[in-house]
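**Student:** predicted coordinates and the sequence they were generated for:
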Amino acid sequence: MTPLEIRDAWVTVLQNNWTTTPIAWPNKKFEPAVDAPDGYWIRPNTVMGDTFYAEQGETGVGLRSGVLYIDIFGPKDAWDRILKGYAGTFETLFRRTEQDGLIFHEPTTLDIGETLHSTTVPDELDVYQVQVRIPFHCWIGE
């Protein structure tokens, strides 16, 4: 799979299964105050890992790994139970599943806590964040 095919696979999962909050897509303008007026939204992104030989030879396949990150944001000083509920939904949605050749593994949820999402108000922690990390792998050259 190419990086574009990987992106398209996880985007398909989110587009088909997530309507609970707005999604801040990578490289697309998103203003939480406007696009998520209730203060809840998610921001998905991938970090590509290493790619290496899985089979030797000119026609052998490669193995590519990476991690899908889903950052879940909510209002500061609101109950974090909602965010952790969303995290559980993502864990269930992606756990040991496959989408168009992209194979997802065991998700991990991290409580990031209060964080700054905007540079318009320097040094003010204005949202609460929970992050779901979903490792994946796929084959190259099949």
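**Tutor:** On my side now, so go ahead.
**Student:** now do the strands in the chain.
**Tutor:** With DSSP state E, the ranges of strands along the chain come out as 41-53, 62-75, 98-99, 102-104, 108-115, 127-140.
**Student:** buried stuff in the last one?
**Tutor:** Residues of strand 127-140 classed as buried by neighbour count (16 or more other CB atoms under 10 Å): 127-138, 140. Just so you know, the C-beta spots here come from the backbone N, C-alpha and C atoms, and that holds for glycine as well.
**Student:** sheet partners, orientation included, of that strand?
**Tutor:** Sheet pairing of strand 127-140 (DSSP bridges) gives strand 62-75 (antiparallel), strand 102-104 (antiparallel), strand 108-115 (antiparallel).
**Student:** quick one: which of these is nearest M48?
**Tutor:** When the strands paired with strand 127-140 are compared by CB to CB, strand 62-75 sits nearest M48, at 4.5 Å.
**Student:** between the closest one and strand 41-53, how big is the angle?
**Tutor:** Per axes from the mean of the first three to the mean of the last three CA atoms, to 10 degrees, the angle that strand 62-75 makes with strand 41-53 is 170 degrees.
**Student:** all further residue positions should be reported with the first residue as 14.
**Tutor:** Got it, the first residue is 14 from now on, which makes the last one we talked about strand 75-88.
**Student:** how far is strand 75-88 from where the chain is centred?
**Tutor:** Between the centre of strand 75-88 and the centre of its chain there are 4 Å (CA atoms, centre = their mean, to the nearest Å).
**Student:** now it: average pLDDT?
**Tutor:** Mean per-residue pLDDT for strand 75-88: 95.
**Student:** for the chain, what helix or strand is lowest in average pLDDT?
**Tutor:** Ranking every helix and strand in the chain by mean pLDDT, DSSP states H and E puts helix 45-48 at the bottom, with a mean of 88.
**Student:** report the buried residues of that helix.
**Tutor:** Under the neighbour-count criterion of 16+ other CB under 10 Å, helix 45-48 has P45 buried.
**Student:** much appreciated, bye for now.
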